[in-house]
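Novice: mind looking at a prediction? Sequence and model below.
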Amino acid sequence: MARNKTLADLGDIDLYERLNEAKEELFNLRFQLLTGQLENHSRLGQVKKDVARIQTELRTREIDSAEEIEINEEVVE
């Protein structure tokens, strides 16, 4: 999975697509863990971190846009 620099370069739609893919992979890995088929246990942790990284980037963008709207409203007043 991409690191923060690469995630910052992606658009919102791409981030949501990657988030959905990572969540789906996490679901499948958890299912494999429960059935005893999971061979690479470290992948579970990696995917969890990837989900967190993507969610952090999306939240950062949300906060930045909210702050930008506040600033624009102050300028208009």
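Specialist: Here it is on my side, so go on.
Novice: just give me the residue closest to the centre of the chain.
Specialist: Nearest to the mean C-alpha position of the chain, by C-alpha atoms, centre = their mean, lies residue 54 at 1.8 Å.
Novice: nearest spatial neighbour of that residue, skipping sequence neighbours?
Specialist: For residue 54, ignoring the flanking residues on the chain, the nearest one in space by C-beta to C-beta, 6 or more residues apart in numbering is residue 19 at 4.6 Å. Backbone N, C-alpha and C define where each C-beta goes, glycine included.
Novice: going by neighbour count, which residues of the helix or strand containing the one you found are buried?
Specialist: Element membership for residue 19 (DSSP states H and E) is helix 12-35. Of the residues in helix 12-35, 15, 18-19, 22, 25-26, 29, 32 count as buried by neighbour count, 16 or more other C-beta atoms under 10 Å.
Novice: could I get the contacting residues of the residue nearest to residue 54?
Specialist: With contacts defined as C-beta atoms under 8 Å, 6 or more residues apart in numbering, the neighbours of residue 19 are 51, 54-55, 58.
Novice: now the buried members of these.
Specialist: The neighbour count (16+ other C-beta under 10 Å) marks 51, 54 as buried among the contacts of residue 19.
Novice: which of the contacts of residue 19 fall in strands?
Specialist: When DSSP state E is applied, those are split such that none fall in strands.
Novice: closest one of the contacts of residue 19 to residue 11?
Specialist: Nearest to residue 11 among those is residue 58, at 11.2 Å by C-beta to C-beta.
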